[in-house]
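Here is my input; please provide its structure:
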Amino acid sequence: MTVLVEFLSTTGFATMTWGNLLMIVIGLIFITLAITKDYEPLLLLPIGFGAMVGNIPSIPGMALSVYDPGSVLSYIYFGVSQGIFPPLIFLGIGAMTDFSTMLSNPRLVLLGAAAQIGIFLTLIGALYLGFSPEEAGAIGIIGGADGPTAIFLSAKLAPHLLGAIAIAAYSYMALVPVIQPPIMKLLTTRKERLIRMPPPREVSTRERIFFPIIAFLVAALIAPGSLALVGMLMFGNLLKESGVTDRLADTARHAFIDIVTILLGFSVGASTQAQTFLTPQSLSIFGLGALSFAMATAGGVLFCKFLNLFTKQKVNPLLGAAGVSAVPDSARVVQMVGLQEDPHNHLLMNAMAPNVAGVIGSAICAGILWSVMVK
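A predicted model of the protein is given here:
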């Protein structure tokens, strides 16, 4: 009986807290949304299961959690805490991204830049709530709707907030089809939503090869802190566009990015232990993240309307919402809302221009914030 009692005292049932139970329920909700609603399943399912794993109480003296030195999970989490996984994700994204639509209509790049206003407005809001400048910079990047960038900057500026920021960023990325349409419709008229865009021009192979090289040099020189993210993004794109490294590009955009996504999502979820995750700071981060994402969407739409005041060839303001970095979900939302107004108005290809520009923009913003905030 003594042995039995001692064994029972070491089980998870005996040491489970209400916080752990709540986080396990949240993990199950993420898994449910991924399976039943198809909300970013490649991310929410690993994160959800990781949250369940991370909230099973461990036995004192046993290295089990991501925060226990020497544990298996801590070694996997090393790629997150040290900012290794995000650039590797960007390598795969670059290998699967086609910048042709952006190059065919360069003014749409401005929409991707305008959407980044959510980052800096949220930074100001976080400072007002009492967060330190480093913490505010890490929180603000949620407005870029780019999970890897948010993780990368958090690891550099505010590692103690990494779990909350990562979960907030990926949650809002998954909820793009829910959050963006009401904002888009509120800020545009039906006449504006009916504007048709000309088809993108054909971009030469030479342009597609030169772009990643030039874009990397310009971005890295402006914001050296963006070197890892933009460098890997453009390197992956050059593998794709060069035409001589098809095997490498195919590996980067399929097997490689899938492996890194599994490890990143699972370890981020496992880092959400109730004892470190369920804090007033985390709730503030989720609130600021929602505000940041909404302002980024609104910023892109409103800037597009402002741009139309000075141009003869009008741009459909819905494209401004694609300026956030959630590729390709934001572009698909633009297509969906446009088709609701006119079943023959296909905006997807044009929406991809500000969408991929937003990826570059958020990485540059992260580099700028790191450069300014680093001590």
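
Would you indicate which residues of stretch 274-284 are buried?
Of all the residues in stretch 274-284, those buried under the rule 16 or more other CB atoms under 10 Å are 274, 276-278, 281-282, 284. From N, CA and C alone the C-beta is placed, and that goes for glycine too.

Next step: those restricted to helices.
When the buried residues of stretch 274-284 are checked against helices using DSSP state H, the ones located there are 274, 276-277, 281-282, 284.

Closest one of the residues you listed to Tyr75?
Tyr75 lies nearest to Thr276 out of those, by CB to CB, at 18.6 Å.

so where's the stretch 1-150 of the chain uncertain?
Applying pLDDT under 70 to the stretch 1-150 of the chain flags residues 5-10.

What count of nearby residues applies to the closest residue to Thr311 other than its chain neighbours?
Distance criterion CB to CB, 6 or more residues apart in numbering; nearest residue to Thr311, sequence neighbours excluded, is Arg107 at 8.0 Å. Per other CB atoms under 10 Å, the neighbour tally for Arg107 reads 12.

same question, Ser74
Neighbours around Ser74, by other CB under 10 Å: 19.

Surely it and Leu64 touch.
No: assessed by CB atoms under 8 Å, Ser74 is found out of contact with Leu64, at 9.2 Å.

circling back to that earlier point, now do the same contact list for the residue nearest to Thr311.
Counting by CB atoms under 8 Å, 6 or more residues apart in numbering, Arg107 makes contact with 307, 311, 315.

residues of the one helix or strand Phe30 maps to that come out buried?
Phe30 is part of helix 18-36 when elements are defined by DSSP states H and E. Residues 20, 23-24, 26-27, 30-31, 33-34 are the ones in helix 18-36 that count as buried (16+ other CB under 10 Å).

Return the list of helices and strands in contact with whichever strand or helix holds Asn355.
Using DSSP H and E, Asn355 sits within helix 348-373. The contact analysis (3 or more CB pairs under 8 Å, 6 or more residues apart in numbering; DSSP states H and E) places helix 348-373 against helix 100-104, helix 109-114, helix 117-128, helix 133-140, helix 147-157, helix 205-222, helix 227-241, helix 329-341.

so which of the ones you listed gets nearest Leu91?
Leu91 lies closest, by CB to CB, to one member of those: helix 227-241, at 4.3 Å.

and the angle from the closest one to helix 147-157?
150 degrees (axes from the mean of the first three to the mean of the last three CA atoms, to 10 degrees).

Tell me the helix or strand right after helix 227-241.
Helices and strands here follow DSSP H and E; after helix 227-241, the next one along the chain is helix 246-251.

what's the spacing between the residue minimising distance to the centre of the chain and Arg107?
Taking CA atoms, centre = their mean, the centroid of the chain lies closest to Asp146, which sits 1.8 Å from it. Using CB to CB, to the nearest Å, we find Asp146 at a distance of 22 Å from Arg107.

try Lys312
On the measure of CB to CB, Lys312 and Arg107 end up 12 Å apart.

Common neighbours of the two, please.
Common contact partners of Lys312 and Arg107 (CB under 8 Å, 6+ apart): none.

where does the stretch 251-375 of the chain have low pLDDT?
For the stretch 251-375 of the chain, the stretches flagged by pLDDT under 70 are 375.

quick one on the thing from earlier: quick one: contacts for the residue nearest to the centre of the chain?
Asp146 makes contacts with 169, 173, 324-326, 358-359, 362-363, as judged by CB under 8 Å, 6+ apart.

top of those residues by neighbour count?
For those, the largest number of neighbours (other CB under 10 Å) sits with Val324, at 35 neighbours.

quick one: it and Ala296, what's the gap?
Distance, Val324 to Ala296, by CB to CB: 5 Å.

swap in Ile47?
Applying CB to CB to Ile47 and Ala296 gives a distance of 22 Å.

When these two are compared, which one has more neighbours?
The neighbour comparison of Ile47 against Ala296 (other CB under 10 Å) goes to Ala296, with 34 against 29.

can I assume that one is in contact with Ile117?
Yes: Ala296 is in contact with Ile117 according to CB under 8 Å; the separation is 6.8 Å.

residues in contact with Leu264?
Leu264 makes contact with 46, 79-80, 85-86, 89, 148, 151, according to CB under 8 Å, 6+ apart.

what number of residues lie near Ile216?
Rather than Ile, residue 216 is Phe. Phe216 has 21 neighbouring residues, counting by other CB under 10 Å.

residues touching the closest residue to it other than its chain neighbours, list them.
Closest residue to Phe216 apart from its sequence neighbours, by CB to CB, 6+ apart: Met234 at 4.1 Å. Residues near Met234 by CB under 8 Å, 6+ apart: 94, 212-213, 215-216.

Show the buried residues in these.
Counted by 16+ other CB under 10 Å, these give 94, 212, 215-216 as buried.
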